[in-house]
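> here's my sequence, what's the structure:
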Amino acid sequence: MTSETTTPQIHDVYAGLDSQTRKKVQAVKSSGLFSNRSYNLETYLVAQLGRLYGWQAVRDHVNGDIEYMTMLDLVIAGQDAVNYEKANTFRDMYVAVTSALGGKKARPAFEKEYRQRVRK
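Sure, this is the predicted structure:
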């Protein structure tokens, strides 16, 4: 019985490229363009502003219609609102799943939770 150990072959992603294209790809790769954080904090905040309030909010900030502190307040408030909505969704899912799996004993708790939600 002989035990053969073989090392796995690693595919060369540059194998099918000509030398000119290979140099271009390596230059882009080494430039840091695709690193985890190739942007500064203000760029991140403007991106969050756009995600929360749309392209017009980004344009307004770039044009100077929205000051930096106002933008920061809007982003923080928007993230809080999104987190609040997520928490409510997770809570609703928890109540629904526990009620579905809990059988007859869970139904009154579900109905009580539902009535409290409808009154809000």
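> next, the buried residues of the helix or strand where residue 85 lies.
Per DSSP states H and E: residue 85 is located in helix 68-102. Neighbour-count burial for helix 68-102, counted by 16 or more other CB atoms under 10 Å, picks out 71, 74-75, 78, 95, 99. For glycine as for every other residue, the C-beta is placed from the backbone atoms N, C-alpha and C.
> just name the closest of those residues to residue 7, please.
Distance to residue 7 across the buried residues of helix 68-102 (CB to CB) is lowest for residue 75, with 49.8 Å.
> ok, now which ones touch that closest one?
45, 48-49, 52 (CB atoms under 8 Å, 6 or more residues apart in numbering).
> so how far is residue 69 from it?
Separation of residue 75 from residue 69 (CB to CB, to the nearest Å) stands at 11 Å.
> residue 114 now?
For residue 114 relative to residue 69 (CB to CB), the value is 41 Å.
> distance from the chain centre to the lowest-mean-pLDDT helix or strand in the chain, please.
Ranking every helix and strand in the chain by mean pLDDT, DSSP states H and E puts helix 106-119 at the bottom, with a mean of 72. Centroid displacement of helix 106-119 relative to its chain, using CA atoms, centre = their mean, to the nearest Å, is 32 Å.
> pull the residues that contact that helix.
For helix 106-119, contacts defined as CB under 8 Å, 6+ apart pick out 92, 95-96, 98-100, 102.
> buried sites along it?
Result for helix 106-119 [16+ other CB under 10 Å]: buried residues residue 113.
> mind exporting that helix as CSV, just the C-alpha atoms?
Below are the C-alpha coordinates for helix 106-119, written out as CSV (Å, rounded to 0.1, in the frame of the first residue of the first chain):
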residue,chain,number,x,y,z
ALA,A,106,-49.7,30.3,21.3
ARG,A,107,-52.8,31.6,19.5
PRO,A,108,-54.0,33.8,22.3
ALA,A,109,-50.6,35.4,22.7
PHE,A,110,-50.5,36.0,18.9
GLU,A,111,-54.0,37.6,19.0
LYS,A,112,-53.0,39.8,21.9
GLU,A,113,-49.9,41.0,20.1
TYR,A,114,-51.9,41.6,16.9
ARG,A,115,-54.5,43.7,18.8
GLN,A,116,-51.8,45.8,20.4
ARG,A,117,-50.2,46.4,17.0
VAL,A,118,-53.5,47.3,15.3
ARG,A,119,-54.3,49.9,18.0
